[in-house]
Structures are given as C-alpha cells and as structure tokens.
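Participant: coordinates only, sequence not included:
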C-alpha cells in the first residue's frame, strides 16, 4: 500500500496548518472569525482550503491504487498532492494577495484530482 504514506504526510501538513491557526488565535485573542486580522484570515483559509480538497484527492488516489494503478502513478499523484498543498499553503500564508505558490498549488491540486479521476474512468471504458 502506497496511499497511506501520502495520507500520513497530509495529516502532518494539516496539523501544521491547524497549529498555525491556533497559535494566531491565542496570540491575538481572537476565538471566532478572523477579527480583521489578515494573518489569521490567511491561516484559516490555508487550513480550510486544505480540508476542502485533500480528502477527495486522497480518496481518489487510494481508489487508483486499489483498482490496480501502477505504483509510479500512485506515487506521482501522491507527490503531486503533497507538493501542491505545500506550495498553496506557503503562497497563502506568506504572501498578502495573489502569489505564484498559491496559484501553482491549486492548479497542481486540481491536476491531481482530474488525473486520478480520469485514471478511474478509464477503468470503465
């Protein structure tokens, strides 16, 4: 099994993003919302965006693996997802406004999702 490796790495990334939000909330004494604090808004969006995309991507990668996808394909999808989420989080957390990392991260995330979905659809054609 290959996918558990990428699920574990994603779990660690999620923990980092979560601790970032918690730290900012405690430091700024903002328990709900973003309190108009740009750094907290960016941190909550990096965390939220991760939650919005990663579970489905991991599920699709797992299904590719379980339906006989080549190990290179599964590793490629997994590596792509982890790199994408690091790029996206860095772009959101470190840059106020549009960033190359954020754009590259979301494009790569979508490519992983579409690639895995296409691979699964090919099983039925």
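Facilitator: Cool, got the structure. Predicted model, so just to flag it, every value in this text is computed and none were measured.

Participant: The lengthiest helix in the chain: what's the following helix or strand?
Facilitator: The residue-count maximum for a helix in the chain (DSSP state H) belongs to helix 38-66. Proceeding C-terminally, helix 38-66 gives way to helix 71-94 as the next helix or strand, assigned by DSSP states H and E.

Participant: pLDDT on that next one, on average?
Facilitator: When pLDDT is averaged along helix 71-94, the result is 97.

Participant: Give me the next element, helix or strand, following it.
Facilitator: Where DSSP H and E defines the elements, the next helix or strand beyond helix 71-94 is helix 100-122.

Participant: Tell me which residues are up against that following helix.
Facilitator: 49, 53, 56-57, 60-61, 63-64, 67, 69, 73, 77, 80-81, 83-92, 94-95 (C-beta atoms under 8 Å, 6 or more residues apart in numbering). Quick note: C-beta positions are derived from backbone N, CA and C, even for glycine.

Participant: hmm, which of these are the buried ones?
Facilitator: 49, 53, 57, 60-61, 63-64, 69, 73, 77, 80-81, 84-92 (16 or more other C-beta atoms under 10 Å).

Participant: show me the contacts for residue 69.
Facilitator: Residue 69 neighbours (C-beta under 8 Å, 6+ apart): residue 119.

Participant: try 6 Å this time
Facilitator: Contact analysis of residue 69 by C-beta atoms under 6 Å, 6 or more residues apart in numbering lists nothing.

Participant: Tell me how far it lies from residue 1.
Facilitator: 12 Å (C-beta to C-beta, to the nearest Å).

Participant: What is the neighbour count of the nearest residue to residue 18 once chain neighbours are set aside?
Facilitator: Spatially, and ignoring its direct neighbours in sequence, residue 18 is nearest to residue 47 (6.2 Å; C-beta to C-beta, 6 or more residues apart in numbering). Residue 47: 21 surrounding residues under other C-beta atoms under 10 Å.
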